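> Next comes the sequence, and after it the predicted model I'd like to discuss.
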Amino acid sequence: QVHLVESGGGLVQPGGSLTLSCDASSGFTLDYGPIGWFRRAPGKGREAVACIGAGDGTTYADSVKGRFTISRGNGKRTVNLRMNSLKPDDTAVYYCAPACTIRALVDYNDWGQGTQVTVSS
């Protein structure tokens with residue numbers, strides 16, 4: 001089973017940008033199959049943010065539509081999440097997983113540590 005590792009988070013001012021990366025463990029690629037980005041804000045449950053499907057179609061939560069872009073990296077082992085025009089409400093720990101919905105991951109037990117994104121002035 002592929003193990004996914006998130007990176008790229010940090011502290012950014014409102015209106016700023018960050019690019020998160022989801023990297024596959026050695027021997028696996030992410031050039032096919034669905035990969036989703038999720039986040040968990042303080043005191044809230046995990047929510048779906050963006051997804052790239054098996055056919056490379058993309059979907060986004062309404063709250064990030066037009067600001068975030070999910071894409072597969074050229075190296076085939078990475079899926080990136082480019083986040084522009086960041087808002088304080090985007091503050092959360094961000095995770096990636098091999099599916100696009102919370103419901104599809106109800107039995108998923110390989111969540112990574114995630115990467116912290118903090119949007120604050």
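Looks like it came in fine.
> Helix or strand: which one has the residue nearest the centre of the chain?
Within the chain, the residue whose C-alpha comes closest to the C-alpha centroid is W37; the distance, by CA atoms, centre = their mean, is 2.7 Å. Taking DSSP states H and E as the criterion, W37 maps to strand 35-40.
> Which strands and helices lie in contact with that strand?
The criterion is 3 or more CB pairs under 8 Å, 6 or more residues apart in numbering; DSSP states H and E, and the helices and strands that strand 35-40 contacts are strand 18-24, strand 46-52, strand 68-72, strand 78-83, strand 92-97. The way it works is simple: take the backbone N, C-alpha and C, and place the C-beta from them, glycine included.
> what pairs with it, and is each one parallel or antiparallel?
When pairs are called by DSSP bridges, strand 35-40 turns out to pair with strand 46-52 (antiparallel), strand 92-97 (antiparallel).
> Need the CA coordinates for that strand. CSV is fine.
Extracted C-alpha coordinates of strand 35-40, given in CSV (Å, rounded to 0.1, in the frame of the first residue of the first chain):
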residue,chain,number,x,y,z
ILE,A,35,-5.7,11.7,-4.8
GLY,A,36,-7.5,14.1,-2.5
TRP,A,37,-6.3,16.9,-0.2
PHE,A,38,-8.1,17.4,3.1
ARG,A,39,-7.8,19.7,6.0
ARG,A,40,-8.7,19.8,9.7
